Every structure is written in structure tokens, then in C-alpha cells.
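Participant: what follows is a protein structure lacking sequence information:
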């Protein structure tokens with residue numbers, strides 16, 4: 001009932017928007033070819049589609065990059081792609097959620113995984129032609145996959161009777177945001193200037209600055225009656241730098257900023273300050289000391305709080321369907337196939353301390369005066385987004401879902417982004433949070449109780465398991481920075497042992513790259529930055545917190561030696 005009411009409200013609110021798409025040639029071609037395909041697409045003695053969807057994405061992209069004061073690239077381009085989804089069988093069991101390595105790849109040159117290029121011109125006849133070819137190829141693979149899936153099930157005992165597709169209430173909506181108009185010459189000048197700041201930083205070995213802007217216009221229709229159009233501008237700024245410690249440990253950091261309009265980007269002076277701070281952080285980290293091994297309380301604050309929560313916990317809040325595989329796929333994947341999400345069996349169980357709750361809320365565009373990147377009204381399936389309370393007082397209540405259900409979930413939460421279930425705006429809230437001073441005092445008291453000389457404090461991460469800004473915090477309150485360490489086995493289970501949190505939250509936006517393969521297998525994919533197609537921005541508000549007991553150890557493995565000669569620019573001065 002809640003889903004139906006939301007869909008009805010959206011339809012009423014955006015009725016005026018449909019007049020803007022009435023004369024859309026691309027949309028007309030999509031509707032006409034979809035109708036024809038549903039009526040005529042059927043191979044003799046094989047099943048016809050029960051569901052077809054078309055998603056056409058028009059993109060205008062501008063990229064400007066520079067390194068060490070020199071422009072390395074500057075380009076603008078347009079593209080138009082279609083994604084065709086064809087399902088045969090029925091909602092309970094269809095051709096999806098199945099992996100076979102024995103399919104015939106003939107006819108797949110033009111169409112890969114339902115994706116194909118479309119002409120940029122709004123030529124109705126050629127658009128229909130290309131949509132027909134893409135639909136035909138996708139349908140043929142769908143019936144082939146269904147036959148193989150049914151054959152594979154003949155030799156298996158299927159204990160999971162979860163349907164392959166959910167039934168959702170259709171909606172129609174149009175969402176329009178102004179296109180980004182980039183002054184390319186200005187971006188080129190700014191990129192040169194900002195990247196040139198690294199000419200003052202002899203400790204940095206490699207560096208780059210990149211501006212990226214993309215306006216995507218998505219048109220979506222399906223055979224159930226859902227349709228939406230959505231214009232979505234995305235802008236990112238990425239400054240990245242790498243160096244090595246004297247012992248060879250690689251060190252890397254980045255400034256990655258996301259905006260929906262040019263006005264949301266910081267000024268050139270602000271960006272310059274952030275680039276200088278980036279270089280200074282790496283310079284400071286290079287010469288810090290190391291520790292062999294540490295087991296004990298760890299204080300996580302600043303950017304590290306949302307980074308670690310995203311890296312180690314959020315992925316388990318996503319309901320990803322583990323596919324059925326034929327024997328050939330099982331042989332190939334048995335060593336690399338991740339296990340099922342452990343949180344599927346933890347609904348109603350404690351996964352966090354009882355004073356913490358977690359909510360995903362894509363309906364908010366701002367929080368405490370900070371723009372939120374994950375704001376959206378519908379997901380890629382055309383399902384309305386909504387607030388989802390994932391964890392309440394430490395108890396796992398639900399997961400983020402799509403129309404590809406998993407065991408125990410029969411509806412979508414409107415969370416398909418970048419091709420699979422993904423978070424949007426994640427809020428971790430606490431009861432009885434402490435001030436920053438009291439949290440540090442609690443942490444030092446724990447260190448003293450364990451008879452330790454110091455505790456470990458982390459402020460920023462380099463990767464999922466490697467802290468970048470990390471320090472020893474001694475009982476008298478003074479800090480000693482360290483580097484070349486990593487967490488050992490930090491995963492979602494460790495978050496049950498958080499003993500205290502701050503009252504204030506650390507707000508950060510990250511780019512999340514879901515699984516890039518076609519098997520819907522969960523993979524680690526969060527980076528400091530990136531501008532690939534398959535990513536989604538995620539904003540997180542997470543308090544600082546104290547782990548009761550975590551292992552921090554020296555990075556193991558071989559590392560390359562630092563360069564023999566110094567950077568030529570600085571050597572010549």
C-alpha cells in the first residue's frame with residue numbers, strides 16, 4: 001500500500017512534465033518498438049517475453065586533465081546508448097540470475113549484455129532499426145539462457161525458491177535539471193594552475209588534476225507501463241598524488257569532490273588550498289615512524305569514520321542475488337565466487353551496538369547545510385525511492401533491494417543504481433553520543449585499562465584496509481604519526497564491538513563502484529575518486545567511534561624501491 005501511494009503521488013506531481021516528452025522522437029521510437037516486440041517477438045516453440053524494458057542514455061561529457069602545470073587532455077563528446085532487458089519465463093523463474101560459460105557468442109558483436117550504441121541524430125527509422133537489432137539479439141540469448149538454466153536445475157536440489165523478479169506498481173515521472181555548460185578554456189587554465197602547485201612539492205612523485213562534467217538524459221520504459229525521463233548533471237574534481245616513504249611503502253591520497261552544478265564546486269582558491277593540503281599530508285606521512293603490531297582500542301575520527309563504514313560495513317547492507325551456475329561456470333568460479341551475504345541470515349539480529357541506528361534516505365538533498373549526492377526520486381528500474389531504516393538500535397531490520405529479489409525480500413526498496421543495489425545517503429545516528437573531548441578521554445581510559453603505552457588513532461584511509469593518516473595517541477595526550485600499517489581482518493563483525501561514538505557526525509561523499517561483472521557478484525568497489533560509467537555517488541554522515549579491539553600491523557609483502565635519482569625538475573634547481 002505504501003509503494004502504491006508513493007507511485008500515485010509521483011504520477012500526480014509530474015503530470016505536467018509529460019507534455020515535454022510528447023514530441024520526443026527517441027521516446028516515440030522506444031514505445032513503438034517495445035509494443036511491436038511484445039506482440040511479435042517469439043521463436044517457434046519457444047516462450048515469448050513477459051517483460052521488456054528499454055533505457056536510452058544520452059550523455060554530454062567534458063574532461064580536462066593536467067599534470068605538473070601541463071595540460072594532458074581536454075575533450076568534449078556525446079554518446080547515446082541503449083540497454084535492453086528481455087525476460088522470458090515468468091516472475092517466479094526466468095532467464096536471469098544464471099551464469100553459463102557455454103553460450104554461443106554469435107550475433108553479440110553489436111550487443112553486449114543488452115547494451116548497444118544508438119545514432120545521435122533523432123532519426124526515427126534508424127532508431128527503430130537499431131532497437132530492433134538490440135532487442136532481437138537480447139531475446140535470443142534470453143531464451144537460450146532459460147533453456148540452460150532449466151537444464152542446470154534438473155541436476156540440482158534448489159532449496160531457495162526466491163522469485164527472479166518482483167512485481168512493482170507502475171509509475172510515470174519526468175525529472176528535468178538544467179544541463180551543465182562548461183567554460184572549457186577556464187577549466188583548462190584552472191587545471192594548469194592547480195596541477196602546477198605540485199612544482200612546489202618535491203616529495204610528490206606523481207600527481208594529476210582532473211575536472212569532469214557529464215549531463216546524462218535517461219529515458220526509460222517497460223512493458224508493465226512504467227516510464228521516466230531524468231536529466232542528471234554530474235561534476236567531479238579529482239586531484240591525486242602519490243609518493244613513497246624512504247622504506248619504499250607506496251603512499252597515495254586524493255581530493256575528490258562531487259557536485260550537481262558548477263556553483264556547488266568550491267572556488268579556485270579553495271581548490272588550491274585543498275591541493276596544497278593534499279601535498280602536505282603526504283609529505284608529513286612520508287617521514288613518520290612505523291609499528292610492527294598493535295592489538296587494542298582504535299579511535300576512528302574525521303574522514304576515516306565514513307570511509308571505514310563504507311568500506312567494511314555498507315556492502316553487507318546490500319541485497320545482491322547470488323546467481324545459479326552451470327557446471328562449467330562452477331568449475332571456473334569456485335575459487336573466486338564470494339559467499340552469500342552473511343547479513344541475509346541476520347535480520348532481527350544485532351549487528352551494531354544498541355545505541356547506533358542506520359538509515360538510507362535518498363529523498364534528502366541536504367543535511368546540516370551540506371548538499372547530499374545520493375538524492376534521487378526513482379531508481380534505475382523506475383521504482384520510487386524512499387527512506388529505509390536498515391538498523392534500529394543495533395538490530396538489523398532490512399537490506400537495500402532491487403527488483404532482483406533475494407531470500408526473504410519480495411519487493412524493491414528503490415535502490416538500483418549503477419546496475420545493482422547501492423546506497424544513496426547513509427546516516428549513522430547515535431543515542432548518548434559524546435563530545436569529541438569526552439570520546440578521546442574514553443578512548444585513553446581504555447588504553448590505560450589494557451596497560452598499553454599508547455592507542456592507535458585513524459583520521460583518513462588510503463584504501464579499504466590501509467590507513468593514511470594514523471597516529472599513536474599516548475596517555476598524556478600527545479600524538480606520534482605513523483605510516484606503513486594496515487588493518488588485519490577488519491570486517492562488518494567488528495562494528496558490533498564499537499564501545500563509544502561522538503555526538504557530531506563526519507559528512508563525506510565517496511564514489512562507489514559496484515561489481516563490474518555481469519554476474520551480480522558483490523565486490524569491494526569504493527575508491528577515493530573516479531569518473532567511470534559504472535559508479536554512483538554516496539554521501540555518508542557517520543560519527544567518530546572507538547573500536548574495542550582491532551589488529552593494526554605493518555604492511556606485509558614486497559614494495560618497490562624509491563626512485564634512484566630525484567625528480568628532474570627539482571634536481572635542476
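Facilitator: Yep, that arrived. These numbers come from a predicted model, not from an experiment. Numbering: from 1, shown residues only.
Participant: and the longest helix seen in the chain, average pLDDT?
Facilitator: In terms of residue count, the longest helix belonging to the chain (DSSP state H) is helix 124-154. The average pLDDT for helix 124-154 rounds to 94.
Participant: any buried residues in it, and which?
Facilitator: Across helix 124-154, burial judged by 16 or more other CB atoms under 10 Å covers 127-128, 130-131, 134-146, 148-149, 152. C-beta here means a position set from N, CA and C on the backbone, and glycine is covered the same way.
Participant: repeat that for stretch 276-285.
Facilitator: 278-279, 281-283, 285.
Participant: which one of the residues you listed is nearest residue 199?
Facilitator: residue 279 (10.5 Å; CB to CB).
Participant: how about the closest one: what's its closest non-neighbour residue?
Facilitator: Computed as CB to CB, 6 or more residues apart in numbering, the closest residue to residue 279 that is not its neighbour in sequence is residue 201, at 4.2 Å.
Participant: model confidence at that neighbour, what's the number?
Facilitator: Looking at residue 201, its pLDDT stands at 97.
Participant: swap in residue 309?
Facilitator: On the pLDDT scale, residue 309 is placed at 97.
Participant: so it: helix, strand or coil?
Facilitator: helix (DSSP: H, G, I helix; E, B strand; the rest coil).
Participant: can you list the domains in this protein?
Facilitator: 2-235, 311-429 (automatic domain parsing).
Participant: ranking the ones you listed by mean pLDDT, which is last?
Facilitator: Of all the domains of the chain, domain 2-235 carries the lowest average pLDDT, namely a mean of 88.
Participant: residue 33: what's it in contact with?
Facilitator: Residues near residue 33 by CB atoms under 8 Å, 6 or more residues apart in numbering: 54, 128, 131-132, 135.
Participant: A helix includes it, no?
Facilitator: Yes: checked against three-state DSSP, residue 33 lies within a helix.
Participant: distance of residue 226 from residue 416?
Facilitator: Using CB to CB, to the nearest Å, residue 226 is found at 13 Å from residue 416.
Participant: more neighbours: which of the two?
Facilitator: residue 416 (24 against 20; other CB atoms under 10 Å).
Participant: can you tell me the SS state at the spatially closest residue to residue 182 that is not a sequence neighbour?
Facilitator: With CB to CB, 6+ apart as the criterion, residue 182 has its nearest non-adjacent residue at 4.5 Å, and that residue is residue 62. Recorded secondary structure, residue 62: strand (three-state DSSP).
Participant: burial count for residue 62?
Facilitator: Residue 62 is flanked by 20 other residues according to other CB under 10 Å.
Participant: show the contacting residues for it.
Facilitator: Applying CB under 8 Å, 6+ apart, the residues near residue 62 are 75-76, 180, 182, 184, 187, 211-214.
Participant: tell me what it is bridged to.
Facilitator: Beta bridges link residue 62 to residue 76, residue 213, judged by DSSP bridges.
Participant: quick check: it vs residue 257, distance?
Facilitator: For residue 62, the distance to residue 257 (CB to CB) stands at 16 Å.
Participant: contacts only, for residue 209.
Facilitator: Contacts of residue 209 (CB under 8 Å, 6+ apart): 65-67, 191, 194-195, 237-239, 275.
Participant: for it, phi and psi?
Facilitator: When quoted as degrees, to the nearest 10, the phi and psi of residue 209 stand at phi -130, psi 140.
Participant: how close does it sit to residue 402?
Facilitator: 36 Å.
Participant: likewise for residue 479?
Facilitator: On the measure of CB to CB, residue 479 and residue 402 end up 44 Å apart.
Participant: looking at those two, which is more packed in?
Facilitator: Legend: neighbour count by other CB under 10 Å for residue 479 and residue 402, higher for residue 402 (28 against 12).
Participant: the more buried one and residue 419 touch, don't they?
Facilitator: No: counting by CB atoms under 8 Å, residue 402 stays clear of residue 419, with 9.2 Å between them.
Participant: need the residues touching each of residue 226 and residue 416.
Facilitator: residue 381.
Participant: quick check: closest non-adjacent residue to the most centrally placed residue in the chain.
Facilitator: Among the residues of the chain, the one closest to the centroid is residue 512, at 2.1 Å (CA atoms, centre = their mean). Spatially, and ignoring its direct neighbours in sequence, residue 512 is nearest to residue 538 (4.8 Å; CB to CB, 6+ apart).
Participant: which elements pack onto the helix or strand that neighbour falls within?
Facilitator: Using DSSP states H and E, residue 538 sits within strand 536-554. Using 3 or more CB pairs under 8 Å, 6 or more residues apart in numbering; DSSP states H and E, the elements in contact with strand 536-554 are strand 293-300, helix 304-312, strand 425-430, helix 436-449, strand 485-487, strand 498-512.
Participant: tell me the SS of residue 274?
Facilitator: Once three-state DSSP is applied, residue 274 turns out helix.
Participant: what's the burial count for the nearest residue to it once chain neighbours are set aside?
Facilitator: The shortest distance from residue 274 to any non-neighbouring residue, by CB to CB, 6+ apart, is to residue 255 (4.8 Å). Using other CB under 10 Å, residue 255 is surrounded by 20 other residues.
Participant: okay, and the beta partners of residue 255?
Facilitator: residue 239.
Participant: of the helices and strands packed on strand 536-554, which is nearest residue 349?
Facilitator: Of all these, strand 498-512 comes closest under CB to CB, at 16.0 Å.
Participant: for the closest residue to residue 168 other than its chain neighbours, what are its contacts?
Facilitator: Distance criterion CB to CB, 6+ apart; nearest residue to residue 168, sequence neighbours excluded, is residue 383 at 5.4 Å. Counting by CB under 8 Å, 6+ apart, residue 383 makes contact with 3, 168, 402-403, 412-414, 416.
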